[in-house]
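**Student:** Structural data only, the sequence is not supplied:
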């Protein structure tokens with residue numbers, strides 16, 4: 001039953017990712033990550049012997065739990081990646097705001113000097 005749920009969930013994710021790519025909501029560099037994840041989960045969901053073998057070597061008693069472990073680790077990696085991206089973007093926004101303030105200040109000084117009577 002868990003194998004069927006995993007296969008259906010994988011297919012739903014595949015349809016969602018392809019739809020997001022088609023509508024331009026998901027950039028290609030992130031789509032590759034998600035498609036890779038989907039392929040790994042699909043292989044593990046379909047090829048049950050591989051799932052059992054890996055689970056046994058890792059020490060997991062109930063092999064379908066390995067699917068959820070892989071998904072959980074992937075999501076943690078995605079969250080870490082987005083945290084880095086957000087940090088970089090925050091720094092860029094701060095720098096841009098500072099540059100805009102400097103340019104605005106210089107522009108006001110220039111306009112202020114030109115509008116004063118001589």
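**Tutor:** Received, thanks. Because the structure is predicted, anything quoted here is derived from the model rather than measured.

**Student:** how about the strands in the protein?
**Tutor:** Listed in chain order, the chain contains no strands at all (DSSP state E).

**Student:** Show me what counts as buried in stretch 31-47.
**Tutor:** 34-35, 37-38, 41-42, 44-45 (16 or more other Cβ atoms under 10 Å). Where you see a C-beta, it was placed from the backbone N, CA and C, and this is true even at glycine.

**Student:** Same check on stretch 7-14?
**Tutor:** 9-10, 13-14.

**Student:** if we take those, which one ends up nearest to residue 113?
**Tutor:** Distance to residue 113 across the buried residues of stretch 7-14 (Cβ to Cβ) is lowest for residue 13, with 60.8 Å.

**Student:** how much space between the closest one and residue 72?
**Tutor:** Separation of residue 13 from residue 72 (Cβ to Cβ, to the nearest Å): 15 Å.

**Student:** What's the biggest helix in this protein, counting residues?
**Tutor:** Identified as the longest helix of the chain according to DSSP state H is helix 64-115.

**Student:** That one packs against which elements?
**Tutor:** helix 2-23, helix 28-46, helix 48-58 (3 or more Cβ pairs under 8 Å, 6 or more residues apart in numbering; DSSP states H and E).

**Student:** How far away from the center of its chain is the second one?
**Tutor:** In terms of Cα atoms, centre = their mean, to the nearest Å, the centre of helix 28-46 is found 13 Å from the chain centre.

**Student:** so what does it touch, helix or strand wise?
**Tutor:** So helix 28-46, by 3+ Cβ pairs under 8 Å, 6+ apart, packs with helix 2-23, helix 48-58, helix 64-115.

**Student:** what angle do the last one and helix 28-46 make?
**Tutor:** Spelled out, it's helix 64-115. 170 degrees (axes from the mean of the first three to the mean of the last three Cα atoms, to 10 degrees).

**Student:** Show me what the lowest-mean-pLDDT helix or strand in the chain is in contact with.
**Tutor:** Sorted by mean pLDDT, DSSP states H and E, the helices and strands of the chain end with helix 28-46, the least confident at a mean of 84. Contact partners of helix 28-46, identified using Cβ atoms under 8 Å, 6 or more residues apart in numbering, comprise 3, 6-7, 9-10, 13-14, 17, 20-21, 26, 50-51, 54, 66-67, 70-71, 74, 78.
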